[in-house]
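Engineer: Give me a 3D structure for the following:
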Amino acid sequence: GADLATYSQSYENGPSRNSYGQGVSAFVRWPLTKLMSGQFSTGWDTQNFSKIRDRTDSKKASEPFYSASISHQPNAALSYSLLVRHAVFDGVSTNYFKSLEYSISPKYTLSPNLSVNGSVTFKTADESTALGDHGHNLMSSIGASYNTKGGTHFSATYNFVDKVSSIAVREYTQNRFTLTISRKL
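Structural biologist: Purely as a prediction, here's the structure:
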């Protein structure tokens, strides 16, 4: 498959008040075995920034991106996926940052209505100027979800984030618990 996109963005308080860009990507999915499949995506993204507040920052980001993932379901109850992704995202104090991410996400189905899941992700980030944020995040989560026969969905998730940064005020550790209740109509 392939995707082609063009976009325009405005930021009230961002380093660049306006940006526009174009992107093109292609992806391929294939079965590796009866229980395992893979996907590879790649493309090119170009962003143009205007009204830049930081004169040392780039007015244009033109970068390749890619992601590769493998999904495996060794039995009816257990499945997991592995992901590697390299991309460019909007920056915090500079126009953009480059990111490299590694992730594993297992899911275990205890019954047709009840499952537990988790994830562990390591992500690096380098903003586009020397004074920008250069660091990494370690993120993990564990949760459970339950679906009733009447269409109500309950999920509870605990998330942990540890951010290390070259900018001391951006380092933090976060613990978050999320409870979600939803209903199908």
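Engineer: Tell me, please, where in this protein the pLDDT is lower than the cut-off.
Structural biologist: Applying pLDDT under 70 to the chain picks out residues 2-20, 50-58, 91-95.
Engineer: For it, which segments are assigned as helices?
Structural biologist: In the chain, no helices are found when defined by DSSP state H.
Engineer: Sketch out the strands for it, chain order is fine.
Structural biologist: Taking DSSP state E as the criterion, the chain carries its strands at 2-10, 16-31, 36-52, 60-72, 78-90, 96-109, 114-127, 134-147, 152-164, 172-183.
Engineer: The longest one packs against which elements?
Structural biologist: Packing partners of strand 36-52 (3 or more C-beta pairs under 8 Å, 6 or more residues apart in numbering; DSSP states H and E): strand 16-31, strand 60-72, strand 78-90. (Each C-beta comes from the backbone N, C-alpha and C, glycine too.)
Engineer: one step back: can I get the strands of the chain in TSV with mean neighbour count?
Structural biologist: Listed next are the strands of the chain as TSV, based on neighbours: other C-beta atoms under 10 Å:
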stretch	mean neighbour count
strand 2-10	11
strand 16-31	15
strand 36-52	16
strand 60-72	16
strand 78-90	16
strand 96-109	17
strand 114-127	17
strand 134-147	16
strand 152-164	15
strand 172-183	10
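Engineer: Could you point out which of the helices and strands packed on strand 36-52 sits nearest residue 162?
Structural biologist: Closest to residue 162 of the helices and strands packed on strand 36-52 is strand 78-90 (C-beta to C-beta; 19.3 Å).
Engineer: angle of that closest one against strand 36-52?
Structural biologist: Going by axes from the mean of the first three to the mean of the last three C-alpha atoms, to 10 degrees, strand 78-90 is angled at 20 degrees with respect to strand 36-52.
Engineer: strand partners of strand 78-90, parallel vs antiparallel please.
Structural biologist: strand 60-72 (antiparallel), strand 96-109 (antiparallel) (DSSP bridges).
Engineer: Would you agree residue 64 is in contact with residue 46?
Structural biologist: No: contact criterion C-beta atoms under 8 Å: residue 64 and residue 46 do not qualify, at 10.5 Å.
Engineer: quick revisit: nearest to residue 115, out of the helices and strands packed on strand 36-52?
Structural biologist: So among those, strand 78-90 is nearest, using C-beta to C-beta, at 9.6 Å.
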